[in-house]
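K.L.:
okay, here's the prediction I keep looking at, along with the sequence it came from:
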Protein chains: 2
Amino acid sequence: MNNLIQSFLPSIETELQRVVAMLDTPRTRPFHEMLTYHMGWTGEGAGPEAQGKRIRPLLVLLTTSACGANWQLALPAAAAVELIHNFSLAHDDIQDQSDLRRGRPTVWKKWGAAHAINVGDALFILAHLALLELRERVPPETALKAGQIVNDACLALTSGQFMDMSYENRATLSIEEYWPMVAGKTAALLSACTHAGAALGGADEAACEAYRDFGHYLGLAFQVQDDYLGIWGDSALTGKSSESDLVTGKKSLPVLYGLAKKGPFARRQAHGPVRPEEVPALAEQLSKEGAKLFTQETADRMTDLALQSLRAADPQGEAGEALFELAGKLLNRQN
Amino acid sequence: MNNLIQSFLPSIETELQRVVAMLDTPRTRPFHEMLTYHMGWTGEGAGPEAQGKRIRPLLVLLTTSACGANWQLALPAAAAVELIHNFSLAHDDIQDQSDLRRGRPTVWKKWGAAHAINVGDALFILAHLALLELRERVPPETALKAGQIVNDACLALTSGQFMDMSYENRATLSIEEYWPMVAGKTAALLSACTHAGAALGGADEAACEAYRDFGHYLGLAFQVQDDYLGIWGDSALTGKSSESDLVTGKKSLPVLYGLAKKGPFARRQAHGPVRPEEVPALAEQLSKEGAKLFTQETADRMTDLALQSLRAADPQGEAGEALFELAGKLLNRQN
């Protein structure tokens, strides 16, 4: 991995732990432990695997640095976006009734939904307390601007979450309804990372917008690719067919494309839940109806838009190279 | 009711509706409706009864005004604290599995816990978006200070919530453990209201602290009085014995006092859930052991501290009188 990224990761972890430690008081120690477990630092299975890739804070720091500013001034914002990401995961796991997150029992599974709701709330509040610390490092107007960018993204996040949940019970859903949901659930926070990073780095309005668009299209490209892998990725097709989006019933882009075709795929979908053993043939059918090509082309188009935006932002130095590298890694996953 | 309070209430409602309307978009209209239902504006039973007393925003506006500033500049902060209060109620109702809130079905009862979690999250985010609007009315440093005060209170709120939930399963609990829980769950946000109101009103450091203390002790006094009424209030003793804190098992101040006595009351408690028909005799027993007097004296002491702090803050004009009046009304409830 890129040296710069490697060198940022420990700083991100230290900053996150410092912020979360605000809850490390004698009376709230078990509460603090729930948060450190969720963040992947403590409990069974703790470690890098349980922590995720910290993509969001990396995007903040790399963007600030690529604007020619000192990345360290953006550290509280980097911590904030990762805490917000984790707040949404903690609540998402309750909403989806997910038992596992990154291979470990979820917070609600371990401590119950009541505590897990509170854990998510606390992560969200800690994110805001971190954002407020920016005022010790940047002018107050800039700190407020970063707060605005992040909170706008959070509102989009809950709106996207609402759409996602309300789509579950919808028999028909068009591709036009897919984009606002994904823009909210996946792209908004990534876009806020690059946008806030640029604002903290002192970028001008045009560069801020280019970085914002980069994060936005990066998020869309990532989600479309995720949808592709959810049906035609190795693990979805072989071995773990039960995890295929065709079985879980996720309203992903290729599925919506297939439903709109009203062909054999759509007719099979209308008959109710898909069994794992049907997955290979149904994935093939969906591909035959054009969904695979459409999804791949859409992912490519979004990737092009992301890279085009990043080039327009004209990121500088080693951090600039690292941003291109990070985008490339995110958009060339095979699984 | 005080004329000033009467005149503030419609402005508070308008400001709240304006902020919540950020979610009134074509794709999130049903989501917006969940929020307007929770706020008491729409759906069955909508109206003043369903909206609550809006004590928190009133405290913000009255404090700003009592500091000699224009109360209207504090309107976004007033909306923010009420939205935060309602965020905590929405999540609290899920955590406590409460079916009713102000006489109406709770959000999770109507739309399920998954949506209710998201409703709470959205209310919280809208509160922050409202706070950010302060920068159009006050200097950026003041807007950030208000944000800090409110977020510090929110962290105390989740900490208090954690303590409250973890106390439920504790066989023994001392009175020393009662205060930090109540300070977080009840007093922190009320204290933030008067503190932020003073900061926005341009009060000096000493006055800010006096207002902060006023809100803090007002919250403690209110909670202790609530605990008193939960056992010896008219509705707890007569008719609705099933709502007595003795039946619900709430670890209120008089109950903790009784448990510490290790007398007949404590021995009865150790035997498991109390039936409604036992309530009158058990309340009498608790009173005989000194808990009623202790609770009343504690409430009086906290009330004195609240009024002492308010006098130290030296609130001015009609708003100052209204603050004393509001405190008096809050602390002289009979039910």
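P.N.:
In hand now; what should we look at? Residues are numbered from 1 along each chain as shown, chains lettered A, B, ... in the order given.
K.L.:
check which helices and strands the helix or strand A:Ala198 falls within sits against.
P.N.:
In the assignment (DSSP states H and E), A:Ala198 maps to helix A:188-200. With contacts taken as 3 or more Cβ pairs under 8 Å, 6 or more residues apart in numbering or on different chains; DSSP states H and E, helix A:188-200 sits against helix A:55-66, helix A:75-95, helix A:140-167, helix A:205-232. Just so you know, the C-beta spots here come from the backbone N, C-alpha and C atoms, and that holds for glycine as well.
K.L.:
report the distance from that helix to the chain centre.
P.N.:
Remark: helix A:188-200 is offset 13 Å from the chain centroid, using Cα atoms, centre = their mean, to the nearest Å.
K.L.:
contacts for stretch A:247-255 next, please.
P.N.:
For stretch A:247-255, contacts defined as Cβ atoms under 8 Å, 6 or more residues apart in numbering or on different chains pick out A:167-168, A:170, A:173, A:175, A:178, A:224, A:227-228, A:230-231, A:241, A:245-246, A:269, A:273-276, A:279, A:286, A:291-292, A:294-295, A:298.
K.L.:
near chain B, which residues of the stretch 201-335 of chain A show up?
P.N.:
Within the stretch 201-335 of chain A, no position is near chain B by Cβ under 8 Å from any Cβ of the partner chain.
K.L.:
in the stretch 201-335 of chain A, which residue sits closest to chain B?
P.N.:
Residue of the stretch 201-335 of chain A nearest chain B, by Cβ to the nearest Cβ: A:Lys251 (14.5 Å).
K.L.:
just checking, that residue is part of a strand?
P.N.:
No. Using DSSP: H, G, I helix; E, B strand; the rest coil, the secondary structure at A:Lys251 is coil, not a strand.
K.L.:
count of residues packed around it?
P.N.:
18 (other Cβ atoms under 10 Å in any protein chain shown).
K.L.:
my read: A:Leu330 touches A:Phe222, true?
P.N.:
Yes. Counting by Cβ atoms under 8 Å, A:Leu330 touches A:Phe222, with 5.6 Å between them.
K.L.:
those two: which is more packed in?
P.N.:
A:Phe222 (23 against 19).
K.L.:
list the contacts of that one.
P.N.:
A:Thr186, A:Leu190, A:Leu330, A:Leu331.
K.L.:
max pairwise distance over the residues you listed: which two?
P.N.:
Farthest-apart pair in the contacts of A:Phe222 is A:Thr186 and A:Leu331; separation 13.1 Å (Cβ to Cβ).
K.L.:
number of nearby residues for A:Leu253?
P.N.:
Quick note: A:Leu253 (other Cβ under 10 Å) scores 25 neighbours.
K.L.:
where does the stretch 51-200 of chain A come near chain B, residue by residue?
P.N.:
Counting by Cβ under 8 Å from any Cβ, the stretch 51-200 of chain A sits next to chain B at A:91, A:94-96, A:113-115, A:117-118, A:120-122, A:124-126, A:128-129, A:132, A:135, A:139-141, A:143-144, A:147-148, A:151-152, A:154-155, A:158-159, A:161-163, A:165-166, A:177, A:180.
K.L.:
hmm, 7 Å instead?
P.N.:
Proximity of the stretch 51-200 of chain A to chain B, by Cβ under 7 Å from any Cβ of the partner chain, involves residues A:91, A:94-95, A:113-115, A:117-118, A:121-122, A:124-125, A:128-129, A:132, A:135, A:140-141, A:143-144, A:147-148, A:151, A:154-155, A:158-159, A:161-163, A:165-166, A:180.
K.L.:
please export the C-alpha coordinates of the worst-scoring helix or strand of chain A on mean pLDDT as PDB.
P.N.:
Taking mean pLDDT, DSSP states H and E as the measure, the helix or strand of chain A with the lowest value is helix A:234-237, at a mean of 74. Only the C-alpha atoms of helix A:234-237 are listed here, as PDB (Å, rounded to 0.1, in the frame of the first residue of the first chain):
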ATOM      1  CA  ASP A 234     -16.900 -15.000  -7.000                       C
ATOM      2  CA  SER A 235     -18.300 -15.500  -3.600                       C
ATOM      3  CA  ALA A 236     -21.900 -14.700  -4.700                       C
ATOM      4  CA  LEU A 237     -21.700 -17.300  -7.500                       C
END
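K.L.:
restrict the following helix or strand past that helix to CA atoms and write it as CSV.
P.N.:
Counting by DSSP H and E, the next helix or strand C-terminal to helix A:234-237 is helix A:245-248. Output of helix A:245-248 as CSV, limited to C-alpha atoms (Å, rounded to 0.1, in the frame of the first residue of the first chain):
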residue,chain,number,x,y,z
ASP,A,245,-28.2,-10.4,-3.6
LEU,A,246,-30.6,-12.6,-5.5
VAL,A,247,-31.2,-14.6,-2.3
THR,A,248,-31.2,-11.7,0.2
